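Student: What follows is a predicted protein model with its sequence.
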Amino acid sequence: MIQFLTNRILPPNSDPNDLVVRSKVGKRSGILGILANLLLFAGKMVIGTVSGSVSITADAMNNLSDASSAIVTFAGFKLAERPADENHPYGHARFEYLSGLAVAAMIVIIGFELAKTSFDKILHPEPVLFSGALVVVLLLSIGVKLVLAAVNGKLGKTIDSTTLLATAADSRNDCISTGAVLLSAIFAHLTHINVDGYAGFAVALFILYSGASMAKDTISPLLGEAADPELQRAIVTALRSNKKILGFHDLMVHDYGPGQRFASVHAEMDMREDPLLCHTIIDDVERQVLENHGIHLVIHYDPVVTNDEELNRMRDSVDKVLKSIDDRISIHDFRMVRGDTHTNLIFDMIIPYELNDSRQQIKRQLDTAINLSDTKYYTVITFDTCGFNSENMWKECK
């Protein structure tokens, strides 16, 4: 069943990285979720009304919210496939994130209402009518949700969709909540102790938790979260693949939704190299990253001096001093401007977030260490945090 549904939604030999294919997968998954959850909602509402079980009714409302979520998911994928226009040159792919946020808001509202109803049931309990139909419907619901979780989980990993992965997690959560409802009904039938209101309240809390978790996952990319480490590695690997690129810094990635990722980085190259050759190398790397990873990369060319003995010596000295202060500190864009009375050492210093308040202390330690000789050096430092500025940012910035 799982493989059958997966193949119907994503036919074999389809390219999961193709944006058209990706959109079709999202919309088809949404339609499957709508139909399955509406059927479950109808069955549980009938059983819940007949039996007088608030926990089953709560679980039915959870399925209704899931159906609504599937509708919003479908609409999100549909709107996200709209091409770029004059007012939105980066496209509309973020609609997928917005649809997830709308789903989260709906879940939280429904969970809050169900919590109030269940709490009232705790204060004023009513008997629950147990029947074989009740058990059958709830077991069927668990089975359907397990299938939906497996299908959406597999599809979400294949097309790298946080929305489908969240849908899969929500289906797994539904299996847990429905299982709790079933156990409470069986417990009440065997012991004649009514725990229906408590089970309904627990389900409502679980719905609220799921909604809050989903909201967190969808708000984060909208706020501008850090780029995925794997995506960073892809860019860094492309830069390192050419020996003419001596170093890089200021790697920034902007996520405008699946298939719409833009990045910029500064690449350091020997100033003695032919500028036309450097331009060609940069173009080749940009094209490689776009073709292999779908990232629109812009590389800024930074010429660096490599044949100045004093500059190289002082850069090594500065780096050594900073490493003795904190091994995570690094520098880039190191330049030297000589004058009659002193020499300016101009560079950017990359520091971890927790050292932001220690900038002046670090500068004083550095100035003291490098001015032990007769030569007078002044440091002109631009401080950067490691969010965009470390060759090993996925290791250092934790």
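Tutor: Everything's here; your move. Numbers count the residues shown, from 1 in each chain.
Student: Find the residue ranges of the protein scoring beneath the pLDDT cut-off.
Tutor: For the chain, the stretches with pLDDT under 70 are 53-55, 126-130, 224-227, 258-259, 372-375, 385-398.
Student: so how far is Leu98 from the spatially most central residue of it?
Tutor: In the chain, the centroid-proximal residue (Cα atoms, centre = their mean) is Pro221; its distance is 5.9 Å. When Cβ to Cβ, to the nearest Å is the yardstick, Pro221 and Leu98 sit 10 Å from each other. For the C-beta atoms, the positions are set from N, CA and C on the backbone; glycine is no exception.
Student: looking at this, Asn307 is in a strand?
Tutor: No - assessed with DSSP: H, G, I helix; E, B strand; the rest coil, Asn307 is coil; it does not lie in a strand.
Student: ok, for it, nearest residue in space, not its chain neighbours?
Tutor: Using Cβ to Cβ, 6 or more residues apart in numbering and skipping the chain neighbours, the partner closest in space to Asn307 is Arg272 (7.2 Å).
Student: Is the one you found in a helix, a strand, or coil?
Tutor: coil.
Student: for Leu239, same thing?
Tutor: helix.
Student: My read is that it contacts His249, right?
Tutor: No - the criterion here is Cβ atoms under 8 Å, and Leu239 misses it with His249 at 10.6 Å.
Student: Need the overlap of contacts for these two.
Tutor: Val265 (Cβ atoms under 8 Å, 6 or more residues apart in numbering).
Student: Where is the longest helix in the protein?
Tutor: helix 19-51 (DSSP state H).
Student: Assumed Gly15 was part of a strand.
Tutor: Quick fix: residue 15 reads Asp, not Gly. No - counting by three-state DSSP, Asp15 is not part of a strand but coil.
Student: Run a quick neighbour tally on it.
Tutor: When neighbours are defined as other Cβ atoms under 10 Å, Asp15 has 10 of them.
Student: Run through the helices of the stretch 1-150 of the chain in chain order.
Tutor: 2-9, 19-51, 54-80, 95-123, 132-159 (DSSP state H, counting those that start in this stretch).
Student: Tell me which of these sits most buried.
Tutor: Highest mean neighbour count among the helices of the stretch 1-150 of the chain (mean count of other Cβ atoms under 10 Å): helix 54-80, with a mean of 24.
Student: list the helices and strands it packs on?
Tutor: helix 19-51, helix 95-123, helix 132-159, helix 162-191, helix 196-223 (3 or more Cβ pairs under 8 Å, 6 or more residues apart in numbering; DSSP states H and E).
Student: Skip ahead from the helix or strand encompassing Arg364 and say which helix or strand is next.
Tutor: Using DSSP states H and E, Arg364 falls within helix 359-370. Later in the chain than helix 359-370, the nearest helix or strand by DSSP H and E is strand 377-385.
Student: Identify the residues contacting the residue nearest to Ser65 when sequence neighbours are not counted.
Tutor: Nearest non-adjacent residue to Ser65, counting by Cβ to Cβ, 6+ apart: Ile110, 4.5 Å away. Taking Cβ under 8 Å, 6+ apart, we find Ile110 in contact with 61-62, 64-65, 207.
Student: can you tell me which two in the residues you listed are farthest apart?
Tutor: The span of the contacts of Ile110, defined through Cβ to Cβ, is set by Leu64 and Ile207 at 11.2 Å.
Student: Can you say which helix or strand has Phe334 in it?
Tutor: With DSSP H and E as criterion, Phe334 is part of strand 330-338.
Student: now the end-to-end length of stretch 42-61.
Tutor: Between the opening and closing residues of stretch 42-61 we find a distance of 10 Å, counting by Cα to Cα, to the nearest Å.
Student: Figure out how far it is from the centre of its chain.
Tutor: 36 Å (Cα atoms, centre = their mean, to the nearest Å).
Student: go on, stretch 214-234?
Tutor: Centre-to-centre, stretch 214-234 and its host chain are 3 Å apart (Cα atoms, centre = their mean).
Student: buried ones in it?
Tutor: Of the residues in stretch 214-234, 214-215, 217-218, 221, 227, 231-232, 234 count as buried by neighbour count, 16 or more other Cβ atoms under 10 Å.
Student: Over to stretch 343-357?
Tutor: 345, 347-352, 355.
Student: among those, which are in strands?
Tutor: 345, 347-351 (DSSP state E).
Student: From the residues you listed, pick the one nearest Val203.
Tutor: Ile351 (47.8 Å).
Student: In contact with the residue nearest to that closest one when sequence neighbours are not counted, which residues?
Tutor: Nearest non-adjacent residue to Ile351, counting by Cβ to Cβ, 6+ apart: Ile329, 5.5 Å away. Residues in contact with Ile329 (Cβ under 8 Å, 6+ apart) are 322-323, 349-352, 355, 362.
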